[in-house]
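S.K.: turn this into a model:
(2 chains)
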Amino acid sequence: MAKQEQDIISKLKKSGLKGRGGACFPTGDKWDCFRKAKAEKKYIVCNFAEGDPYMLKEAFLLKNHLAEVVDGVKIALKTFIGSTAFIYLRHDYYKKYKNAFKKEIGSLPISLVEKIGGYLAGEETCALEVIEGKKAEPRLRPPYPAQSGLWGFPTLINNAETFYCISRITQEKYKNERLYCLSGYVKDKGAHELKERMTIREILWQTGNLSKDNDFFVQVGGFLGEFLLPAELDCLLCGLGSVVVFNSRTTDLIKLVKEKLKFVMQENCDKCTPCREGTYRLYENLNQGVIDEKLAEDIFLALRETSFCPLGRAAGSCLESLLRINKFYNGINNGL
Amino acid sequence: MISKVNIKINNKAITAKPKETIAEAAKRNGIDIPLLCSHPDLKIKASCRVCVVKVKGHDNLMPSCSTEIQEGMEIFTDTKEIKRARKTNLELIFAQHREECSDCVWNYNCQLLKLAKQEKIEINRFQDRKSKFPTFLFGNVIEFDSSKCIDCRNCIEMCQKQGVGYLETRSYGHETNVMPVKDKNKDCVYCGQCIMHCPAGAFESTGEFEKIEEPLRQKDKVAAVQFAPSIRSSIGEEFGLQPGEVVTEKLVGALRELGFNKIFDTSVGADFTTMAESAEVIERMESGKNLPILTSCCPAWVRYIEFYYPEFIPNLTTVRSPQIILGGLIKTYWAKINKINPRNIFSVSIMPCVAKKYEAKRPELKVKGMKPIDYVLTTRELARLLMRRKIDFKKIKPQAIDSMFGSPSGAGVIYGASGGVMESALRTTYEKLTGQRLENIEFRQVRGMKEYKEAEIDIKGIKRKAVVINGLGVAQNFLEKIKKGESSPTCVEVMACPGGCIGGGGQPLPSDGEIRKKRAAGLYSVDEKKIIRRAHENPVVQKVYSEFFERNHEMAHKVLHTKYHKQKREKLKIIK
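M.R.: Numbering: from 1, shown residues only, chains lettered A, B, ... in the order given. Have a look, this model is predicted:
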């Protein structure tokens, strides 16, 4: 192993850094796996194409730490000699920041790629498809991108925040902090840089957003994350670090269910049965007036257990938890 | 290298092979995991989510078709949770599919129905969401009823594998639909492989159910029927016989039972094709012009060249395909000696192919203003016709074919398998060119299911390369190689379908590598048993050449040869 590679990978492993894209895979292990893959070409991808409507951290990074993210990519380029890199940017970010990026990149082999497609196009294997010029559809895993990614070559794909952390680690500025995004029924909206491994209650409390009345419920982990009641906030916030607070007195829960369903129906890639058909049938049922509980449970199970990619799996748990919230506040499956 | 992997399926210890998927390991050990969207000819897409299993240590269920086994894996295939998820997914799939089981290429034998029964699903739990989706007509040859499509995308993949790429998905969400592509530079070549790879019966040949009685309705005409080489080892499958079982005489008996009296064997037509093609090969080898010579027996391949690679049109042999030559002979030579007005003949062919329907309609193939073939029935269509007439094929008494075009050489019969045309041509061309009799007439290098095969033959001190391809995608790559000068063979045989005609778009379903292998073996077994195994030694061929072709060169040219031209995209029709 080249010394350069060894140094940085052991630093990453020591830091305990986990990927910030949501899956929380140890970054050091990913880099090690990428290092071990033998190929004539290797690619590096920085995923800056957040498609989640609740996630504000990439906008925050672009505004405040763009240079450090690019620095993270540069470190990867330096570590894996001969590789080339892509920065995969959401459409609006691309328009707004391409010049700023170009300035940082200079003559390095880093290309900017504008994301085509919606929410799903932010998923890592979809991102690879889009960079290759194809329709955003998830790939079968394994092989993982680190073994076989862009055009079949090993590809190291990390989230923008991960690259930001990598830059901080090499500068020895990393303090095991991460970005949390707060939105909804809160006073202090936006991205907050706080310690890792905090419970949801701690995050809300530390940012001054914890309501004393139990007049709220939350959703954590993005637009298709899980819904939780005020009594359930003592677990660590993993994955996507987003917390959305809803006012339980004013929120129309059924409208919320429909909003989530519509989103999945619109954003899914139509590849696998539960996601393509299941969400459509739930929506159809919801519009018929009374929730068929057995049908809903059947489809939730199919979504959660058998979907091809994380989108369908998340949709299953998200909707299931939302209906549980509905039951808690309204006793029955009401209100249609 | 590890040669064994120990796993457990449903608590039973099993030895699996490295790199095997869960589904493969289970199948080899007699454990049934229901599969739906996978087809042995295609890549694993893992999109139907029916084959899911539980793997200990994993949070979610895993698709067994795409998950590789690992040492110590513990797998469960039938827990309550799996059954429930599988049932839901099947119900969701059925909710896309408009059932029309009585008029379906699968003839009640599809995996969907089998799983519906096995998993005890409610077929009508949901209303069919696609009931109003359109039916497309591809060039009057193939119908695609998208209200039956279950979005597995096997057709799209197969069409791309064929180097055609005529199908794509359009729209999103619950309106998503498989459709012909917008790209005007692409068109269907009618190989019919979409039919062969659709688990839901959404594709069929035009008139597959409505028009098959047509040949029997010609009361005031003499119906002359011919059957293709490959039919004899496949049609039995429709009646529960084994793939590859040769049923030539039973087929003759069945055709008589249907009321056909004039029965011919297209393999004899193939012997004529070999004769004429061999002469052309020799001519081109001498002149060095338009080499490599490309076969033209396969109408989908011919259309592929005419549409996608018109620069190769001069390379196609001008010789007509066996069904067209035999049809032409029936309406000229045979009509004359039997004193029948050729315009009173209704010429029918039984083909393994849907593109043959298109070929039969090509205007440039007319002889004296008459179409050599008036109607084409596929293997499946003939089987359906027999079923409708309640003719039990299994019980039919074998009967000998007695017409003058009833005895082919062995070489004519192997035309039905990839490599057969080449082998027949090599037997004849070699002997004609060298004047020597081949000691071993079996060219094994060109046999088998491999998509690309080549043989080198020493003819009078010159090494000649013969290339045999099945599958249009492979042919496309090869044409590109020829263009770049990376390969320069003398002759090339291309069949559009996997394995050649035995895997054709009109053949019984299912059709996969194992089945095609058996069908091909059936044809080679016929050849082996024949006394006459060379086209040029077939007495019928010799007789027609001396009595007819050699006395009337103009007629010989009309019956044996044709022209090709660049093709335009057919206008897409929506019929429902």
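
S.K.: give me the residue from the stretch 101-250 of chain A nearest chain B.
M.R.: residue A:140 (5.4 Å; CB to the nearest CB). The C-beta positions use only the backbone N, C-alpha and C, and glycine is treated the same way.

S.K.: that residue - nearest residue in space that isn't next to it in sequence?
M.R.: residue B:66 (5.4 Å; CB to CB, 6 or more residues apart in numbering or on different chains).

S.K.: and the chain, what are its domain boundaries?
M.R.: Looking at chain A here, since you left the chain open. Per automatic domain parsing, the structural domains of chain A span A:3-10+A:18-170, A:177-247, A:253-330.

S.K.: ah, I was thinking of chain B
M.R.: B:5-94, B:101-205, B:217-560.

S.K.: next, count neighbours for residue B:510.
M.R.: 18 (other CB atoms under 10 Å in any protein chain shown).

S.K.: and it, what pLDDT?
M.R.: Residue B:510 is assigned 96 on the pLDDT scale.

S.K.: for it, phi and psi?
M.R.: Per-residue torsions, residue B:510: phi -80, psi 170 (degrees, to the nearest 10).

S.K.: what do you get for residue B:574?
M.R.: Note on residue B:574: its backbone torsions stand at phi -110, psi 120 [degrees, to the nearest 10].

S.K.: quick check: chain neighbours aside, which residue is closest to it?
M.R.: What sits nearest to residue B:574 in space, not counting adjacent residues and going by CB to CB, 6+ apart, is residue B:134, at 4.9 Å.

S.K.: that neighbour against residue B:573, yeah?
M.R.: No. Using CB atoms under 8 Å, residue B:134 makes no contact with residue B:573, being 10.1 Å away.

S.K.: and these two? which has more neighbours close in?
M.R.: residue B:134 (15 against 12).

S.K.: could you measure that one against chain A, distance?
M.R.: Residue B:134 sits 18 Å away from chain A, going by CB to the nearest CB, to the nearest Å.

S.K.: just the pLDDT for the spatially most central residue of chain B.
M.R.: Of all residues in chain B, the one closest to the mean position by CA atoms, centre = their mean is residue B:504, 0.6 Å from it. Looking at residue B:504, its pLDDT stands at 98.

S.K.: against residue A:277, how distant is the nearest residue to it once chain neighbours are set aside?
M.R.: Nearest-residue entry for residue B:504: residue B:352, 3.6 Å, with adjacent residues in sequence omitted and distances by CB to CB, 6+ apart. Residue B:352 sits 35 Å away from residue A:277, going by CB to CB, to the nearest Å.

S.K.: so which bits of the stretch 1-150 of chain B are right by chain A?
M.R.: With the criterion set to CB under 8 Å from any CB of the partner chain, the stretch 1-150 of chain B comes near chain A through B:44-50, B:52, B:60-61, B:63, B:66, B:68, B:81, B:84-85, B:87-89, B:92-93, B:95-96, B:126, B:129.

S.K.: tell me which residues touch the closest residue to chain A within the stretch 251-400 of chain B, please.
M.R.: With CB to the nearest CB as the measure, residue B:308 is the residue of the stretch 251-400 of chain B nearest to chain A, at 21.8 Å. Residues in contact with residue B:308 (CB atoms under 8 Å, 6 or more residues apart in numbering or on different chains) are B:163, B:476.

S.K.: hmm, back to that, ok, the residue nearest to residue B:504 - how many residues close by?
M.R.: Around residue B:352 there are 29 residues (other CB under 10 Å).

S.K.: what pLDDT is listed against it?
M.R.: Looking at residue B:352, its pLDDT stands at 98.

S.K.: what do you get for the one 4 residues further on?
M.R.: With respect to pLDDT, residue B:356 scores 98.
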